[in-house]
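# Next come a sequence and a model predicted from it.
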Amino acid sequence: MNSAERMLPSSTRPINPALSSLLQRLRPGDRIRITQTVRIGQKQWDTKVEGVFRDVNYLTTGLATDRIPADEIVVVSVHFTKKNDELSSVTLDEQTRIELIET
């Protein structure tokens with residue numbers, strides 16, 4: 001069982017089933033393209049990044065104060081290496097798209 005199979009069910013928000021399936025099939029070394037929508041005010045645009053998949057797990061975020069468990073938000077985090085060898089990560093939202101780049 002890879003980390004994607006262990007971690008995806010822990011997300012606070014459901015992940016698109018097609019995206020979840022892809023994440024479970026990815027193996028370290030696979031080339032991926034991630035597309036996310038950036039929105040500022042009324043403007044929005046897509047931004048893309050490519051890299052080599054390393055791992056997927058989850059990030060627990062929340063308020064800085066310890067109040068109630070409902071304050072915690074758990075998001076899926078995809079870790080990859082960019083072409084310039086920079087280690088990078090993105091957290092997924094409902095509009096994130098990930099593609100496997102065939103080599």
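Happy to help now that I have it. Residues are numbered from 1 along each chain as shown.

# Which residues does the one helix or strand Asn57 maps to contact?
Secondary-structure assignment from DSSP states H and E places Asn57 in strand 43-61. Contacts with strand 43-61, where a contact means C-beta atoms under 8 Å, 6 or more residues apart in numbering, come from 3-4, 7-8, 10-11, 23, 26-38, 72-83, 87-88, 90-91, 101. The C-beta positions use only the backbone N, C-alpha and C, and glycine is treated the same way.

# go again using 7 Å as the cut-off
Applying C-beta atoms under 7 Å, 6 or more residues apart in numbering, the external contacts of strand 43-61 come out as 3-4, 7, 10-11, 23, 26, 28-38, 72-83, 88, 91, 101.

# In strands only, show me those.
Restricting the contacts of strand 43-61 to those inside strands, with DSSP state E as the criterion, leaves 31-38, 73-81, 88, 91.

# Quick check on the residues you listed: which are buried?
In these, burial by neighbour count holds for Ile32, Ile34, Gln36, Val75, Val76, Ser77, Val78, His79, Phe80, counting by 16 or more other C-beta atoms under 10 Å.

# If anything else comes up later, I'll come back, but that's it for now.
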